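> This is a predicted model, with the sequence first.
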2 protein chains.
Amino acid sequence: MTIRMLTELEGVCLGLVRRHEPCTAYRVRQELKAAPSSHWQASAGSVYPLLTRLEAKKLVAKTSDAADGRGRTLLRITRRGQAALTQWLLMGKEPEVISSMTDPIRSRMFFLNVLSAAQQTAYLDELISEMEYYLSRTKDHLGTLTADDDLCAFLGSQGAVKIAEARLEWLREVAAKFRTQSGNIEKR
Amino acid sequence: MTIRMLTELEGVCLGLVRRHEPCTAYRVRQELKAAPSSHWQASAGSVYPLLTRLEAKKLVAKTSDAADGRGRTLLRITRRGQAALTQWLLMGKEPEVISSMTDPIRSRMFFLNVLSAAQQTAYLDELISEMEYYLSRTKDHLGTLTADDDLCAFLGSQGAVKIAEARLEWLREVAAKFRTQSGNIEKR
DNA sequence: CGATGCATGTAAGCTGTTACATGATTGC
DNA sequence: GCAATCATGTAACAGCTTACATGCATCG
């Protein structure tokens, strides 16, 4: 019996349930929102149905404590859930997973020549300044973690910093190149 | 009159039409598939409707050459399309765009402690080897480009290499840490 | 003349988003 | 008492994927 592969958001949410169990769906949303670099909005409309889906597949167990005044539902990962999470994690070594990274800045860089030379340098300067701010926030977030407490969260967050640094360094080189080349003038 | 903001895939496709115009929708798909690091499958079911959508918004112009035996349709970007592409590009400096990067490896790293110590090191070793291969392919792709021909494509591809190098370096550090710590044993 | 590649599309389904809607609890 | 936060959901919609379907062109 093969477990249907989890989506990225499902994998992350299941992992968060595991890390913070027992926890509410609300907590999972908060954790997603707190992450300084995340593609997901973690809207109620995605997280609640998603966790219901995971429950239907018996990957998480919901327990509604009757004693709890508000209708709070606590989540826990099941043994099947652990297996599914492991399978999702191991899928990470597949080439199509490794290469499926998205970087909206890099995507845009390919089409920078749609801008005038003046616009190009102005845009790159603003971008670098925003990236610097993003990097500082990412470092701040890393500062709240320790290697002793949760090594995985610490190293994951460290990766975010390292990648942000690489992006920033690259942007600086791009800006330098565009300044010396005085823009990449269209040939048409 | 504000132009409705383009999605990521729309922006990339519009930019590709511009770079290769006049070109077919098929060509746009090929270009997307050829990119060594792309989140998009560029399936027919997404690209064709997408370009029809862009045509309806007058961002691209379709010209069906009657002389052409096969029912080939050539695409060109319109002036409105250039404006929309510019707007999409400039949106890149918004914090939510900068931080919306996704990295499936980094996502998984947060939950590595679901694996046993032996599984952890085995997985990281395989991952590093796959990342090395991915990096070499990315470098090969960069090698096919020159700074003189299309500076943007060259620098964009250079960014892919730099980020891949940062990811790989980070993965090596993670592997080293996990080996010395002999895994991150669960406390429960 | 058959395989591969060029070329265009559609239908069903899943996932995620925005916006809306409700109510309990906690802190000031 | 009132605001902010905790907490859970639904409905409409947009976007992308898989799988299916078709036909022409080119090369061996």
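Received it, and whenever you're ready, just let me know what you need.

> pLDDT score assigned to the most centrally placed residue in chain A?
Taking Cα atoms, centre = their mean, the centroid of chain A lies closest to A:Ser38, which sits 3.0 Å from it. We have a pLDDT of 88 for A:Ser38.

> How about A:Met1?
pLDDT, A:Met1: 47.

> And A:Trp170, by the same measure?
A:Trp170 is given a pLDDT of 98.

> list the contacts for it?
Contacts for A:Trp170 (Cβ atoms under 8 Å, 6 or more residues apart in numbering or on different chains) come out as B:158-159, B:162-163. For the C-beta atoms, the positions are set from N, CA and C on the backbone; glycine is no exception.

> Which one of those is nearest to A:Thr102?
B:Ile163 (11.3 Å; Cβ to Cβ).

> I figured the closest one hits A:Glu165, correct?
No. Between B:Ile163 and A:Glu165 there is no contact under Cβ atoms under 8 Å: 10.2 Å.

> who's more crowded, those two?
Set B:Ile163 next to A:Glu165 and count neighbours by other Cβ atoms under 10 Å in any protein chain shown: B:Ile163 wins out with 25 against 15.

> How about the more buried one, nearest residue that isn't a chain neighbour?
Distances taken as Cβ to Cβ, 6 or more residues apart in numbering or on different chains put A:Ala166 closest to B:Ile163, at 5.3 Å, once the chain neighbours are dropped.

> Quickly find the element holding A:Ala83.
helix A:79-90 (DSSP states H and E).

> quick check: mean pLDDT across that helix?
Per-residue scores along helix A:79-90 average to 96.

> and the helix or strand of chain A with the lowest mean pLDDT, what does it pack onto?
Of all helical and strand segments in chain A, the minimum by mean pLDDT, DSSP states H and E falls on strand A:60-64, at a mean of 91. Counting contacts by 3 or more Cβ pairs under 8 Å, 6 or more residues apart in numbering or on different chains; DSSP states H and E, strand A:60-64 packs against helix A:44-56, strand A:73-77.

> Dump those into CSV; add mean neighbour count and distance to B:Ala175 as well.
Below are these laid out as CSV (neighbours: other Cβ atoms under 10 Å in any protein chain shown; distance: least, Cβ to Cβ, whole Å):
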stretch, mean neighbour count, distance to B:Ala175
helix A:44-56, 15, 30
strand A:73-77, 19, 26
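
> okay, the ones you listed in CSV with distance to B:Gln119 next?
Conversion of the helices and strands packed on strand A:60-64 to CSV gives the following (distance: least, Cβ to Cβ, whole Å):
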stretch, distance to B:Gln119
helix A:44-56, 22
strand A:73-77, 17
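
> Let me have those in a markdown table, adding distance to DNA strand C as columns.
Listed next are these as a markdown table, based on distance: least, Cβ to the nearest atom of the strand, whole Å:
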| stretch | distance to DNA strand C |
| --- | --- |
| helix A:44-56 | 2 |
| strand A:73-77 | 12 |
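
> Nearest to B:Thr86 among these would be which one?
The nearest among these, by Cβ to Cβ, is helix A:44-56 at 31.0 Å.

> Quick check: longest helix in chain A by residues?
Using DSSP state H to define each element, chain A has its longest helix at helix A:151-180.

> in that one, what's buried?
Buried residues in helix A:151-180, counting neighbours by 16 or more other Cβ atoms under 10 Å in any protein chain shown, are found at A:151-164, A:166-168, A:170-171, A:174-175, A:177-178.

> Just give me how far stretch A:12-21 sits from the chain centre.
Put simply, stretch A:12-21 sits 14 Å off its chain's centre (Cα atoms, centre = their mean, to the nearest Å).

> I'd guessed A:Gln181 sits against B:Phe154; true?
No. Between A:Gln181 and B:Phe154 there is no contact under Cβ under 8 Å: 11.1 Å.
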